[in-house]
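Engineer: whatever this is, show me its structure:
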Amino acid sequence: MTKRAHLGPAEIQALLREAFPQSFEGGDAFIIEKAEPMLARVHLPYHDRHLRPGGTISGPAMFALADCALYIAVLASIGWAPMAVTTNLSINFLSKPDPGDLVADCRLLKLGKKLAVGEVYMRSAGKEDIVAHATGTYSIPPR
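Structural biologist: Prediction:
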């Protein structure tokens, strides 16, 4: 069995731009601040398309950020595997984030041969309070 190389933030960002160009039209959909085995930090730059009525960041934007952070943590841990897919993602919205950038910190709790399980904490940039918490599972394709 061949071990996959670990990938860093710049490598993952470049590979994702190539594999998912539609997600990067008009600029970066997100910025990978940290990507190392079992961990990722992903920054969602503010855009008014992320707002919902009431002037807060929408649930779908936070859900996408959580899913992206999990995917990046998995890729940083196992190497390039674009066919790794979400099998479960659950999110708890804890407070309304003000309009602005969001930061997601992801930690994988378990990394097996077929599944990876992790959690994601999301905060408004520059603030300590958690605005959402997610847990998720990714299916890892055969090596």
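Engineer: neighbours of residue 44, how many?
Structural biologist: If you count neighbours by other C-beta atoms under 10 Å, residue 44 ends up with 24. Yep, even glycine has a C-beta here, placed from its N, CA and C like the rest.
Engineer: so what's it scoring on pLDDT?
Structural biologist: Looking at residue 44, its pLDDT stands at 95.
Engineer: again, but for residue 7
Structural biologist: So residue 7 comes in at 87 (pLDDT).
Engineer: then the one 4 residues further on?
Structural biologist: The predicted local distance difference test score for residue 11 is 92.
Engineer: next structured bit after the lengthiest helix in the chain?
Structural biologist: When the chain is parsed with DSSP state H, its longest helix is helix 59-78. Counting by DSSP states H and E, the element after helix 59-78 in chain order, helix or strand, is strand 85-93.
Engineer: who does that next one pair up with?
Structural biologist: Using DSSP bridges, strand 85-93 pairs in its sheet with strand 130-139 (antiparallel).
Engineer: mean confidence score for the strand it pairs with?
Structural biologist: Here the average pLDDT along strand 130-139 is 98.
Engineer: centre of the chain to stretch 14-28, how far?
Structural biologist: Remark: stretch 14-28 is offset 14 Å from the chain centroid, using C-alpha atoms, centre = their mean, to the nearest Å.
Engineer: then stretch 100-116?
Structural biologist: 7 Å.
Engineer: so which bits of that stretch are buried?
Structural biologist: 101-106, 108, 111, 116 (16 or more other C-beta atoms under 10 Å).
Engineer: go on, stretch 55-68?
Structural biologist: Buried-residue list, stretch 55-68, by 16+ other C-beta under 10 Å: 56-57, 61-68.
Engineer: kindly export it (C-alpha atoms) in CSV.
Structural biologist: Only the C-alpha atoms of stretch 55-68 are listed here, as CSV (Å, rounded to 0.1, in the frame of the first residue of the first chain):
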residue,chain,number,x,y,z
GLY,A,55,-28.4,41.0,8.4
THR,A,56,-26.6,37.9,9.5
ILE,A,57,-24.5,35.3,7.7
SER,A,58,-26.7,32.6,6.3
GLY,A,59,-26.9,29.0,7.4
PRO,A,60,-26.0,27.7,4.0
ALA,A,61,-22.8,29.8,3.9
MET,A,62,-21.8,28.5,7.3
PHE,A,63,-22.7,24.9,6.3
ALA,A,64,-20.5,25.2,3.2
LEU,A,65,-17.7,26.6,5.3
ALA,A,66,-17.9,23.6,7.7
ASP,A,67,-18.0,21.1,4.8
CYS,A,68,-15.0,22.8,3.1
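Engineer: alright, I will stop here.
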